[in-house]
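>>> Can you look at this prediction? I've put the sequence above it.
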There are 4 protein chains.
Amino acid sequence: MKLGMVGLGKMGYNLVLNLMENGHEVVANDINEEAMQKIKSEGAEIAADYQAMADMLPKPRVIWLMIPAGDLIDQVIEKFTPYLEEGDILIDGGNSNYKDTLRRAEKLSAAGIQFMDVGTSGGMEGARNGACTMIGGDAEVFAHVEPIFKDISIEKGYLYTGKVGSGHFLKMVHNGIEYGMMQAIAEGFEILEKSPFDYDYKEVSRVWNHGSVIRSWLMELMENAFSKEPKLESIKGVMHSSGEGKWTVETALDLQTAAPVIALSLMMRYRSLEDDTFTGKVVAALRNEFGGHAVEKK
Amino acid sequence: MKLGMVGLGKMGYNLVLNLMENGHEVVANDINEEAMQKIKSEGAEIAADYQAMADMLPKPRVIWLMIPAGDLIDQVIEKFTPYLEEGDILIDGGNSNYKDTLRRAEKLSAAGIQFMDVGTSGGMEGARNGACTMIGGDAEVFAHVEPIFKDISIEKGYLYTGKVGSGHFLKMVHNGIEYGMMQAIAEGFEILEKSPFDYDYKEVSRVWNHGSVIRSWLMELMENAFSKEPKLESIKGVMHSSGEGKWTVETALDLQTAAPVIALSLMMRYRSLEDDTFTGKVVAALRNEFGGHAVEKK
Amino acid sequence: MKLGMVGLGKMGYNLVLNLMENGHEVVANDINEEAMQKIKSEGAEIAADYQAMADMLPKPRVIWLMIPAGDLIDQVIEKFTPYLEEGDILIDGGNSNYKDTLRRAEKLSAAGIQFMDVGTSGGMEGARNGACTMIGGDAEVFAHVEPIFKDISIEKGYLYTGKVGSGHFLKMVHNGIEYGMMQAIAEGFEILEKSPFDYDYKEVSRVWNHGSVIRSWLMELMENAFSKEPKLESIKGVMHSSGEGKWTVETALDLQTAAPVIALSLMMRYRSLEDDTFTGKVVAALRNEFGGHAVEKK
Amino acid sequence: MKLGMVGLGKMGYNLVLNLMENGHEVVANDINEEAMQKIKSEGAEIAADYQAMADMLPKPRVIWLMIPAGDLIDQVIEKFTPYLEEGDILIDGGNSNYKDTLRRAEKLSAAGIQFMDVGTSGGMEGARNGACTMIGGDAEVFAHVEPIFKDISIEKGYLYTGKVGSGHFLKMVHNGIEYGMMQAIAEGFEILEKSPFDYDYKEVSRVWNHGSVIRSWLMELMENAFSKEPKLESIKGVMHSSGEGKWTVETALDLQTAAPVIALSLMMRYRSLEDDTFTGKVVAALRNEFGGHAVEKK
């Protein structure tokens, strides 16, 4: 199949390589000229702008957006739409909020354009050699593009999830689970670190990955990480987040669902962004007021 | 009534003044000679040691221990017991773990000595001018010593809670609730502090104390604290704890009770003791491994 | 002052009585004709519709909306605006989300209408005899209407909180704290209920309200509740919520603030709405899969 | 090697088969005569009592206890010790609390008996075909028995963890992580279940196990579980627990460690044991007291 790829970042670039390796032809576009030339040297066609890309693609056009979630998606869609026709297919492969996806799908639907949402997991490595993809959208449209997903995904690693929005929703929940798993693993290692025993964490990760109940890819990554640095000495314990965990908690609240583990995983990330907290000041001040307990001074 | 007081710290000293003001006679003992002389100058008798105290008290003797919880209680009991007789009454007014209280009561019971456990709330101010007391022990013994508790407590501020251990248990749960309330208040002020608005926290505490649902003594103390320092600028947000919160959570676990708010209030205190966490390092390392997300370096 | 009141529900009706008792004249409106007649019999004027109310009020008009938060506020504003003039003052005294308040203020500002947001705490009793009010809006406008708030609030119980939105924001956070305090108290009583001791909860509430650190209006209400029913036998432990707790948590997330106690207070309410959970099924199924642990069948 | 096995339950029985398949000779004992005869038919020797077992084993004796954690371990050790000699090796392969292990090791050490603690993960399937084992104890003693662990464990699936107690401690923390991972997965599926989409959970588990960040053995087990019952219809969401999660939380508290995810995983299990809660009654009663909100009646 010949398709367009908008966005040649870490994920998009590797997806193009993956697609071409599987016999697909790709017309690529990015605002970064260097990335354009580099992918060209790998065998992709490049399009200077959306009009050019539209001209270079067979109909119905299939265009994959692999760009940062947020307003940028809306902007690209708005600029691209004039060059698209009824029946063309737009795929959002990024980490978009499913509510945005629903809104965009409705708008594009009015113009006769099919919108598909693809949640992609597995990192850059997956994008290059076999991703995990969760695809929402019209069932007939999916049947048309299924070969793409079959080829770029790891074996058994793609799923048609139902109507539009369901792919991004499922990816969001996947990330929520990921937050919880990571925090659970991390709390475990912190308890080990404070224990009276002296563990070799690389070895611990290794043994937990062979036959234990908690064996998992994340634990394999722990083995990698500890093999580089036995106590993660150089790393500061600041835990950033990129939105999907927050959306999962907000969605849980909207659905009146108790999701304490996912919520606390997120909140402990926020807590890690701060050296000191106003919460702590208030509690310390209160203890001083009623019990005369000394406060620590700055 | 004439009774003994072992321990002249912040709480014990004020209790003696309170007792004497209410017409009781007190024989006091403390390892701190200065505290002994000071309370003597206030009108108390002082006893150089436990034998002396035993000799100076009418029978059945009533002896109030107001010393730090833990092994010290056991040591004092062991040293004092030889001078006590069947029917004498030992009162533990400190923050002892109720399990220790049950153990001590059983042991003393074998020697015919009555053990009463008193949870005391209200801080030094309460000890001096009217405390809140929760008293466990034998009902008949309580009837005998009730005048003491009536006099030293604020009006309506004492309660016979049932068999031995129930006083310390109730005080423990009181403190667990206190942890939760304090953390709730503190989280609220942290949200205000990060809000786009510019509140005067002293005024906020004041208005919340007049007519609102959350009016409380803790909120009154917030008004005091913010009147001293509008943003608690000089205070470091380190939240120490002194055991009762931990016991409450442990007890909740023993009773298979979900007490998430009390548990998290405690855990956020532990978190505040650390500048950096191993948990954070692990999560940051994992994010780097699977997504190439940059870690912050020390 | 003569002002309009839209909404004669539990809160609005009592506010009108409170206002009149303090010498204000009120023109009231409600869709419920019975409430209209009832308040008329108490001495209020009534207006059949917004146009009538506008005609009956001196300029600049002061109109207090005391109606359920949400779309209804927008609808009333939209219907009322045509009868208002530059300089008129609209007060939203309900539990509106501060983001809606900001949006409404911007829109009304374009029409020259002043919008004030008032968070009201203290329940019906407060509305009738002295509420706690937190008022956001233009400072000069506040100065004009301050007598109203001074009169209807309990002494020291009103606060000008700053620019528009700050009143509803502060009320929201107040409710978040309230959620946390209530859950803390409730967890404490659950631990007592499962303890090996036999407490009289009415007496426990009473003693905790006299001299203890956790004395508070909520604890006074506990004494009331337990005096009606010693073990709350007839009440089902279903904890509903009405939005402000959820907004507080969402706001905490937006501000990247760890607020675990408020978040969990809310999530335990959601949990209480369910007899059984899918979460529980999943964990039970997993335990069965890896350990052969029996599952309970429906 | 020839060794003794006390306990022929789910785990012990499978371990004996595993050991024999790997060329070891086993003398087995259990209070269940049927299990004894069954394992005999599989080729094991059986010992009627501990004296008989002691007589049948070469010196230094190696005896593996695979019995339920708790007092039973103490009882078996006490009954067995008279027949043991200096240098004999006792292995506790069960889920014992590491504090008990430390206590037992100290006592046995006085009698010259080596005590080793083995945390075993992987369930029955692991016990039979290759477990994950974490072994604490004296390093020289470990060197002596290492062949056993090498043989019964999956490849790369055993680890000498250091001094006595470290094996059970590590297994405990492993289970704590397991609790957190399970709850995270379960919360995710609950959010899916309440979502506006219609997922096939077996397919979701399958796709998440191929290329995603959360691929794991637990997710494989989810696929198994959902393949049996698409919505786990027949299962009641009651989440029992068997001690190790609780110990992990208690240990976290002892080490002043914030482990909110593990703590809440446990507490949500406790919550699932109840149809109604006193916590809920208290909050519902309070809402009724201050706001007139209706309570649900039993």
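Structure received.
>>> Touching stretch A:38-50 from outside, list them.
Here stretch A:38-50 makes contact (CB atoms under 8 Å, 6 or more residues apart in numbering or on different chains) with A:4-6, A:8, A:13, A:16-17, A:20, A:25-30, A:36-37, A:53, A:56, A:76, A:79-80, A:83. (C-beta placed from N, C-alpha, C; glycine too.)
>>> now the residues you listed: which count as buried?
Among these, those scoring as buried are A:4-6, A:8, A:13, A:16-17, A:26-30, A:36, A:53, A:56, A:76, A:80, A:83 (criterion: 16 or more other CB atoms under 10 Å in any protein chain shown).
>>> and residue A:173, that one's in a helix?
Yes - the assignment for residue A:173 by DSSP: H, G, I helix; E, B strand; the rest coil puts it in a helix.
>>> Looking at the buried ones among the contacts of stretch A:38-50, which are in helices?
A:13, A:16, A:17, A:36, A:53, A:56, A:76, A:80 (DSSP state H).
>>> Can you tell me the closest non-neighbouring residue to the last one?
Leaving aside its sequence neighbours, residue A:80 sits nearest to residue A:50 (CB to CB, 6 or more residues apart in numbering or on different chains; 4.5 Å).
>>> where's the one you found relative to residue C:218, distance?
Separation of residue A:50 from residue C:218 (CB to CB, to the nearest Å): 60 Å.
>>> Tell me which of the two has more neighbours.
residue C:218 (25 against 19; other CB atoms under 10 Å in any protein chain shown).
>>> and the more buried one, that's in a helix?
Yes - when three-state DSSP is applied, residue C:218 is found to be in a helix.
>>> can I assume it is in contact with residue B:216?
Yes - taking contacts as CB atoms under 8 Å, residue C:218 lies within contact range of residue B:216: 7.3 Å.
>>> what does the stretch 1-150 of chain A put close to chain D?
A:121, A:122, A:123, A:126, A:130, A:131, A:132, A:133, A:134, A:136 (CB under 8 Å from any CB of the partner chain).
>>> go with 7 Å
Within the stretch 1-150 of chain A, the positions lying close to chain D (CB under 7 Å from any CB of the partner chain) are A:121, A:122, A:126, A:130, A:131, A:132, A:134.
>>> Show me the two of these that sit farthest apart.
Within the residues of the stretch 1-150 of chain A next to chain D, A:130 and A:134 form the most distant pair, 14.5 Å apart (CB to CB).
>>> More neighbours: which of these two?
Applying other CB under 10 Å to residue A:130 and residue A:134 shows that residue A:134 carries more neighbours, namely 32 against 19.
>>> Do a quick rundown of the strands in the stretch 101-250 of chain A.
Taking DSSP state E, counting those that start in this stretch to define them, one finds strands in the stretch 101-250 of chain A at A:114-121, A:131-136, A:153-162.
>>> wait, which of those is closest to chain B?
strand A:114-121 (9.2 Å; CB to the nearest CB).
>>> Show the pLDDT at residue A:293.
Residue A:293 carries a pLDDT value of 87.
>>> Leaving out sequence neighbours, find the closest residue to it.
Distances taken as CB to CB, 6+ apart place residue A:287 nearest to residue A:293, at 4.2 Å, with adjacent residues excluded.
>>> Just the buried positions in whichever strand or helix holds the one you found, please.
If you go by DSSP states H and E, residue A:287 is part of helix A:278-291. Neighbour-count burial for helix A:278-291, counted by 16+ other CB under 10 Å, picks out A:278-290.
>>> between those residues, which is nearest residue B:199?
The closest of these to residue B:199 turns out to be residue A:278 (CB to CB; 11.8 Å).
>>> Pull up the overlap in contacts between residue C:218 and residue B:216.
Residues within reach of residue C:218 and of residue B:216 at once, by CB atoms under 7 Å, 6 or more residues apart in numbering or on different chains: there are none.
>>> For the closest residue to residue A:203 other than its chain neighbours, give its distance to residue D:90.
Spatial nearest neighbour of residue A:203, chain neighbours left out: residue D:159 (5.5 Å); criterion: CB to CB, 6+ apart. Distance, residue D:159 to residue D:90, by CB to CB: 20 Å.
>>> again with residue A:177
Distance from residue A:177 to residue D:90, by CB to CB: 41 Å.
>>> Then residue A:70?
61 Å.
>>> cool, residue A:120 as well?
From residue A:120 to residue D:90 the distance is 52 Å (CB to CB).
>>> thinking again about what came up before, not counting the helix holding residue A:287 itself, show me its contacts.
Residues contacting helix A:278-291 (CB under 7 Å, 6+ apart): A:293, A:295, B:123, B:182-183, B:185-187, B:189-190, B:193, B:218, B:221-222, B:224-225, B:232, B:235, B:237-239, B:272, C:213.
>>> Just give the closest residue to whichever residue of the stretch 101-250 of chain A sits closest to chain B, not the sequence neighbours.
Relative to chain B, the nearest point of the stretch 101-250 of chain A is residue A:237 (2.2 Å; CB to the nearest CB). Excluding its sequence neighbours, the residue lying closest to residue A:237 (CB to CB, 6+ apart) is residue B:280, at 2.2 Å.
>>> for residue A:255, same thing?
In space, residue A:255 is closest to residue D:194, 4.2 Å off (CB to CB, 6+ apart).
>>> Is that neighbour in contact with residue A:257, as I believe?
Yes - between residue D:194 and residue A:257 a contact is recorded at 5.6 Å, counting by CB atoms under 7 Å.
>>> now the buried residues of helix A:278-291 as JSON lines including distance to residue C:63 and pLDDT?
Output for these, formatted as JSON lines (distance: CB to CB, whole Å; pLDDT from 0 to 100):
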{"residue": "A:278", "distance to residue C:63": "37", "pLDDT": "96"}
{"residue": "A:279", "distance to residue C:63": "39", "pLDDT": "97"}
{"residue": "A:280", "distance to residue C:63": "43", "pLDDT": "96"}
{"residue": "A:281", "distance to residue C:63": "41", "pLDDT": "96"}
{"residue": "A:282", "distance to residue C:63": "38", "pLDDT": "96"}
{"residue": "A:283", "distance to residue C:63": "42", "pLDDT": "96"}
{"residue": "A:284", "distance to residue C:63": "45", "pLDDT": "96"}
{"residue": "A:285", "distance to residue C:63": "41", "pLDDT": "95"}
{"residue": "A:286", "distance to residue C:63": "41", "pLDDT": "95"}
{"residue": "A:287", "distance to residue C:63": "46", "pLDDT": "94"}
{"residue": "A:288", "distance to residue C:63": "46", "pLDDT": "93"}
{"residue": "A:289", "distance to residue C:63": "42", "pLDDT": "91"}
{"residue": "A:290", "distance to residue C:63": "44", "pLDDT": "88"}
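>>> Just flag the most distant two among those.
So, the buried residues of helix A:278-291 by CB to CB: farthest apart are A:278 and A:290, at 19.0 Å.
>>> Count the neighbours of the residue nearest to residue A:203 for me.
25.
>>> if I pick it, what's in contact with it?
Contacts of residue D:159 (CB under 7 Å, 6+ apart): A:203, A:204, A:207, D:134, D:135.
>>> residues touching the fourth one, list them.
Counting by CB under 7 Å, 6+ apart, residue D:134 touches A:207, D:118, D:119, D:159, D:161, D:167, D:170, D:171.
>>> 8 Å - rerun?
A:207, D:118-121, D:158-159, D:161, D:166-167, D:170-171, D:174.
>>> Name all residues that make contact with residue A:63.
A:3, A:4, A:5, A:6, A:53, A:57, A:80, A:84, A:88, A:89, A:90, A:91.
>>> just to revisit the earlier point, could you check how far the residue nearest to residue A:293 is from residue A:280?
11 Å.
>>> Next: residue A:134.
For residue A:134 relative to residue A:280 (CB to CB), the value is 40 Å.
>>> wait, residue A:5 sits on residue A:35?
No - judged on CB under 8 Å, residue A:5 makes no contact with residue A:35 at a distance of 10.9 Å.
>>> who in chain A is up against chain C?
A:213, A:246, A:249-250, A:252-253, A:256-260, A:263-264, A:266-268, A:270-271, A:273, A:277, A:279, A:290.
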